[in-house]
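Enquirer: I'll drop the sequence and a predicted model, then ask my questions.
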Amino acid sequence: MSRGAGRRQGRHTTLTHRSSDEAGECVRLVTTIVVGGAGPRIARLRSFVAGVSLVAVAAGCDSATVTSGHVRAWSAAQVLEEDHSQEDNHPAVAINATGGAVVAWQRGNSLWARLYDGALQTFGAASLVATPSRYDDLQVGIDAQGTAMMLWARDDADDTRGVWWSRTTDHGASWSMPAMIAAGDLHRTRLAVSGAGAALAAWTARSDDHVVVTVGSCDFRDGVWNTVVNTPLPGTGLGDRNPRVAMDGNGRGFLTWEQPAVLNEPSSVWTERYDGTWLPESLAILDANRGDDSYTPTLALNDAGAGTAIWLQMQNFVPQLWSRRFDGKSWGEAEHLATAPLIEWDPPPRVAVDPVGGSVALWSEVTDLAQNPQYYDVHAVRTAAGATPWQAPEVLETNNLIGADLTEYAEPLVGMDGAGNAIATWRKELPSSAIQVSWVRFAAGGTAWAPPNGAPLHDDPTHSAFATDLAVSRNGTALAAWSYGPEFDIWVSVYR
């Protein structure tokens, strides 16, 4: 069945559309101090350490949090590499609870990485990790000790085709010899790494005769990958599977993906539980949509094991966003979040969960089909922990020109820190046709995202941002990365 409503053609198709621009750094700050509950009562401020909190709001462009004397704001955007011998693209970012992070990217068909020291607020040297790799199939993760892992696919030769990995245990000074996890025509790699160093990997596998696509997964414990690949369902034809994995602080997790239960039937969203081993008895369908496709699931878990899964499903040719929440023991009922004439699904909607189970979901949509041309704006929806209903959807912008060219995409991303604050980024096209990375923040206990319509991470009218990624630490640090065209260098900014 067709999913033309909201389908993007994918990141790789944008490489022929290279315009210009990224924009804006904030310079004006207005501050308000709240000490021990004294002073003005401002709903969007939340006290943190010793009842002291300071929020700085850039007039019309920026926002920063000041906690116990420390001002948080986005750093000036910086380039991580400027080697123009080949195109650098598709950055992947991961961050741990103390703000240590890894940024990896593809240069041609080779893989590079730099680690970020959260305490020193500096990047280490760039390291060549592996060559070659499949284009746009790179994932990274990092544990509480700063051990970073990289996962990718190869399809350059029959004897090397499969999913590969490497890791660094010395903060990027060296990386292990690349090694294969699983062999075959594998792609759409996914990786989740727990704070304790366990990991889950997932991918889609195409049969040798190219008539069946399945989902495979594998677990990493005690420094080694399991040699047995988990295939939760037999193949039921071709089509997207879009797997995702997530882990909690105790090394438990989930695999979720889309697949028809029966050949030629609509696709469903599936999940399987991991608790030291895959649990086949936990295999279940999350959606209750039997008449049409459910697709592109996304999942997030917190350290305690609570989580939220979201997905899109078609109803009478109209896309809807749905969710189910996991309380650490069982899944709740399916909940409808949003309906729109067109909802972007490649890249898919994203979700984040805070330490107590509150969730934020982001997506981009065309709200009015009468709009010509039809542009995608980013929307969000929030819920507190427990059985609290989801709030009404919120419009984060009304001025994005993404969408007139159907190869473009907004790619909204979101993460939450340990206090329940949320940070989101996405691609915004300007009237000049330049594309910038925009961001907003929602303060825990607040009532609105700020700044309105988002603010740019960098002011450069000569470049456009293509592939992007975002990671948010529980300590409040966030790291955004993007590829700048036409040179295609990797740039970053750190919220710290």
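Expert: Arrived safely. Because the structure is predicted, anything quoted here is derived from the model rather than measured.
Enquirer: for stretch 291-307, which positions count as buried?
Expert: 292-303, 305-307 (16 or more other C-beta atoms under 10 Å). The way it works is simple: take the backbone N, C-alpha and C, and place the C-beta from them, glycine included.
Enquirer: how about those residues, which pair is most distant?
Expert: Within those, 292 and 303 form the most distant pair, 35.8 Å apart (C-beta to C-beta).
Enquirer: Mind picking the lowest-pLDDT entry from the buried residues of stretch 291-307?
Expert: Least confident of the buried residues of stretch 291-307 in the model: residue 292, at 91.
Enquirer: Can you pull the phi/psi pair for residue 227?
Expert: With angles defined as degrees, to the nearest 10, residue 227 sits at phi -80, psi -10.
Enquirer: which residues does residue 98 contact?
Expert: Residues near residue 98 by C-beta atoms under 8 Å, 6 or more residues apart in numbering: 118, 119, 144, 473, 475.
Enquirer: Selection in PyMOL covering whichever of those residues are buried, please.
Expert: Applying 16+ other C-beta under 10 Å to the contacts of residue 98, the buried members can be selected in PyMOL as follows:
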select buried, resi 118+473+475
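Enquirer: Could you identify the most distant pair in the contacts of residue 98?
Expert: Taking C-beta to C-beta, no two of the contacts of residue 98 sit farther apart than 119 and 144, at 13.6 Å.
Enquirer: And the helices in this protein, which stretches?
Expert: Taking DSSP state H, the chain contains no helices at all.
Enquirer: In it, which residue is most central in space?
Expert: Nearest residue to the geometric centre of the chain (C-alpha atoms, centre = their mean): residue 413, 5.1 Å.
Enquirer: Distance check, that residue against residue 468.
Expert: Plainly put, residue 413 is 7 Å away from residue 468 if you go by C-beta to C-beta, to the nearest Å.
Enquirer: Pull up the overlap in contacts between the two.
Expert: With C-beta under 8 Å, 6+ apart as the test, residue 413 and residue 468 both reach 425, 426.
Enquirer: burial measure for residue 315, as a count.
Expert: The tally of other residues near residue 315 (other C-beta atoms under 10 Å) stands at 13.
Enquirer: okay, it: pLDDT?
Expert: Per-residue pLDDT puts residue 315 at 92.
Enquirer: do residue 254 as well
Expert: pLDDT, residue 254: 98.
Enquirer: Kindly report the same for residue 181.
Expert: Residue 181 carries a pLDDT score of 97 in this model.
Enquirer: do residue 90 as well
Expert: Listed pLDDT for residue 90 reads 94.
Enquirer: Surely it is in contact with residue 138?
Expert: Yes. Look at residue 90 against residue 138 with C-beta atoms under 8 Å: they come within range, at 5.9 Å.
Enquirer: and the nearest residue to residue 435 once chain neighbours are set aside, what are its bridge partners?
Expert: Distances taken as C-beta to C-beta, 6 or more residues apart in numbering place residue 464 nearest to residue 435, at 4.1 Å, with adjacent residues excluded. When bridges are called by DSSP bridges, residue 464 pairs up with residue 485.
Enquirer: Residue 437 is in contact with residue 464, correct?
Expert: No. Contact criterion C-beta under 8 Å: residue 464 and residue 437 do not qualify, at 10.0 Å.
Enquirer: Show me the beta-bridge partners of residue 441.
Expert: With DSSP bridges as the rule, residue 441 is bridged to residue 423, residue 450.
Enquirer: Give the full set of residues in contact with it.
Expert: 63, 421, 422, 423, 424, 449, 450.
Enquirer: Next: residue 287.
Expert: Residue 287 makes contacts with 268, 269, 294, 311, 313, 322, 334, as judged by C-beta under 8 Å, 6+ apart.
Enquirer: among the residues you listed, who's most crowded?
Expert: When neighbours are counted by other C-beta under 10 Å, residue 311 leads these with 31 neighbours.
Enquirer: Do I have it right that that residue meets residue 298?
Expert: Yes. At 7.2 Å, residue 311 counts as touching residue 298 under the criterion of C-beta under 8 Å.
Enquirer: gap between stretch 90-105 and the chain center?
Expert: Using C-alpha atoms, centre = their mean, to the nearest Å, the distance from the centre of stretch 90-105 to the centre of the chain it belongs to is 11 Å.
Enquirer: Give me the distance between the two termini of it.
Expert: Length of stretch 90-105, first residue to last, C-alpha to C-alpha, to the nearest Å: 6 Å.
Enquirer: can you pull up the bridge partners for the nearest residue to residue 285 once chain neighbours are set aside?
Expert: Distances taken as C-beta to C-beta, 6+ apart place residue 268 nearest to residue 285, at 4.7 Å, with adjacent residues excluded. Beta-bridge pairing of residue 268 under DSSP bridges involves residue 259.
Enquirer: what does residue 206 give?
Expert: Under the criterion DSSP bridges, residue 206 forms beta bridges with residue 185, residue 213.
Enquirer: so what's residue 116 up against?
Expert: Taking C-beta under 8 Å, 6+ apart, one finds 95, 99, 100, 101, 102, 103, 122, 123, 124, 479, 494 in contact with residue 116.
Enquirer: Out of these, the closest to residue 286 would be?
Expert: Using C-beta to C-beta, those come closest to residue 286 at residue 95, 27.4 Å.
Enquirer: Could you measure from the closest one over to residue 478?
Expert: 8 Å.
Enquirer: Report the set of residues contacting both of those two.
Expert: Shared contacts of residue 95 and residue 478, defined by C-beta under 8 Å, 6+ apart, are found at 471, 472.
Enquirer: where in the chain is pLDDT low?
Expert: 1-69, 404-407 (pLDDT under 70).
Enquirer: Mind doing that once more with 50?
Expert: 1-2, 4-64, 66-67 (pLDDT under 50).
Enquirer: Which residue ranges make up the domains of it?
Expert: Per the record, the chain has its domains at 11-24+75-495, 26-73, by automatic domain parsing.
Enquirer: most packed of the ones you listed?
Expert: Counting by mean count of other C-beta atoms under 10 Å, domain 11-24+75-495 has the highest mean neighbour count of the domains of the chain, with a mean of 20.
Enquirer: and it, how far out from the chain's middle?
Expert: 3 Å.
Enquirer: Hmm, the residue nearest to residue 285 is touching residue 294, no?
Expert: Yes. Using C-beta under 8 Å, residue 268 is in contact with residue 294, at 5.4 Å.
Enquirer: Now for those two: what residues contact both?
Expert: 258, 286, 287.
Enquirer: any chance of the residues you listed in TSV, plus distance to residue 156?
Expert: Rendered in TSV, the data for these read as follows (distance: C-beta to C-beta, whole Å):
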residue	distance to residue 156
258	28
286	36
287	37
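Enquirer: Looking at those, spot the one nearest residue 166.
Expert: Closest to residue 166, out of all of the shared contacts of residue 268 and residue 294 and judged by C-beta to C-beta, is residue 258, at 29.1 Å.
Enquirer: and the residue nearest to residue 316 when sequence neighbours are not counted, what does it touch?
Expert: Computed as C-beta to C-beta, 6+ apart, the closest residue to residue 316 that is not its neighbour in sequence is residue 292, at 7.9 Å. Going by C-beta under 8 Å, 6+ apart, residue 292 touches 1, 266, 313, 314, 315, 316.
Enquirer: Select, from those, the two members most distant in space.
Expert: Using C-beta to C-beta, the pair of the contacts of residue 292 lying farthest apart is 266 and 316, separated by 13.0 Å.
Enquirer: Report the separation between the residue nearest to the centre of the chain and residue 315.
Expert: Per C-beta to C-beta, residue 413 is found 26 Å from residue 315.
Enquirer: Isn't residue 357 up against residue 302?
Expert: Yes. Using C-beta under 8 Å, residue 357 is in contact with residue 302, at 6.6 Å.
Enquirer: hang on, the earlier thing: among the contacts of residue 98, which ones are in strands?
Expert: Judged by DSSP state E, those include no members of strands.
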